[in-house]
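> How does the following fold in three dimensions:
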Amino acid sequence: MKLEKNNWREKAKISAAKKAVEEVRDGFVIGLGSGSTAAYAIKEIGKRVREEGIKILGVPTSTQAYLLAIENKIPVTTLNEHPSLDLTIDGADQIDKNLNMIKGMGAALTREKIVASASKKLVIIVDETKLVEHLGENNHPVPVEVIPFSLFPVMQKIKKLGGVPQLREGIKKLGPVITDNGNFILDVSFGKIENPENLNLKLKLIPGIVETGLFIELAQTAYIGKVDGTVTKISTSSSSWVS
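Residues are numbered from 1 along each chain as shown. Below you'll find the model as predicted:
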């Protein structure tokens, strides 16, 4: 049953990615998100570059995204060369009906948020298990990137906000996860978050916190891959579900 569930979710991600990549136009400079779902979009963009001959440039949000872009023959550039992007396609760990999100389980949240904020449009692709009524449901943590020097003072201040912080440990590596920026990641459980904008602001005011995984009012469109094989589109302009 586990394999069957994972199978439909991967198919749903691929279907959502294909819909999102339809928004890519010749001449675009595109932000390339990180993670397993965004990886499908990068592969689809590469396919369009090869088969349709479209000319685009990609700004990767992580080393993973950079290597995948190179593998798929997508020319890469930087925000210093192109500080305004036409479009960014990325995934999310949780997303609500207003397209507010929790991101950062892949530890690329800071660069993802920088690229998202530099984009004229942010498009999110997820499977339907990521859609929630309130961010933080099911005790899903909020990733927070922290300067190592500030780790314990930051943890103390987060606890005063009602959060339960846990230093993310590496897999197949001793010690904490190190981000592409050379920092640590705290996974902070707050339970159901009633006011994500307010929480994001409070966290950002703590010295030593580089960025939070709360992405508020950044996305304009989300494509949701569903178990029945269809893809649903959510748009902030209409604030409604569109099949």
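> Report the buried residues of the helix or strand harbouring Lys19.
Taking DSSP states H and E as the definition, one finds Lys19 inside helix 2-21. By neighbour count with 16 or more other Cβ atoms under 10 Å, helix 2-21 contains the buried residues Trp8, Arg9, Ala12, Lys13, Ile14, Ser15, Ala16, Ala17, Lys18, Lys19, Ala20, Val21. Glycine gets a C-beta too; all of them are placed from N, C-alpha and C.
> counting contacts, what elements does the helix or strand following that helix pack onto?
Using DSSP H and E, the next helix or strand after helix 2-21 towards the C-terminus is strand 29-32. If you count contacts as 3 or more Cβ pairs under 8 Å, 6 or more residues apart in numbering; DSSP states H and E, strand 29-32 packs onto helix 36-52, strand 57-60, helix 63-71, strand 87-90.
> Give me the secondary structure label for Tyr223.
Under DSSP: H, G, I helix; E, B strand; the rest coil, Tyr223 falls in the strand class.
> buried residues in stretch 164-184?
Neighbour-count burial for stretch 164-184 flags Pro165, Arg168, Pro176, Val177, Thr179, Asp180, Asn183, Phe184 (criterion: 16+ other Cβ under 10 Å).
> For the first one, pull up the helix or strand it's in.
Pro165 belongs to strand 164-167 when elements are defined using DSSP H and E.
> Residues contacting that strand, please?
Under the criterion Cβ atoms under 8 Å, 6 or more residues apart in numbering, residues 141, 144, 151, 154-155, 158-159, 176, 184-190 lie in contact with strand 164-167.
> hang on, the earlier thing: dump the buried residues of helix 2-21 to CSV, plus distance to Lys55 and pLDDT.
Formatted as CSV, the buried residues of helix 2-21 follow (distance: Cβ to Cβ, whole Å; pLDDT from 0 to 100):
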residue, distance to Lys55, pLDDT
Trp8, 35, 93
Arg9, 33, 92
Ala12, 30, 95
Lys13, 27, 95
Ile14, 25, 95
Ser15, 26, 96
Ala16, 25, 96
Ala17, 21, 97
Lys18, 20, 96
Lys19, 22, 96
Ala20, 19, 97
Val21, 15, 97
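> on that earlier part again, burial-wise, tell me which of the helices and strands packed on strand 29-32 comes out on top.
Of all the helices and strands packed on strand 29-32, strand 87-90 has the most neighbours on average by mean count of other Cβ atoms under 10 Å, namely a mean of 28.
> tell me which helix or strand of the chain sits lowest on mean pLDDT?
strand 240-242 (a mean of 43; mean pLDDT, DSSP states H and E).
> How is the protein partitioned into domains?
For the chain, automatic domain parsing gives the domain ranges 2-132+216-242, 137-212.
> about what we covered before: could you point out which of the helices and strands packed on strand 29-32 sits nearest Lys204?
Evaluated with Cβ to Cβ, these place strand 87-90 nearest to Lys204, the distance being 20.1 Å.
> Can you name every helix or strand that the helix or strand that that closest one is followed by contacts?
Later in the chain than strand 87-90, the nearest helix or strand by DSSP H and E is strand 94-95. Under the contact definition 3+ Cβ pairs under 8 Å, 6+ apart, strand 94-95 sits against strand 101-102.
> 10 Å - rerun?
Helices and strands touching strand 94-95, by 3 or more Cβ pairs under 10 Å, 6 or more residues apart in numbering; DSSP states H and E, are strand 101-102, strand 122-127.
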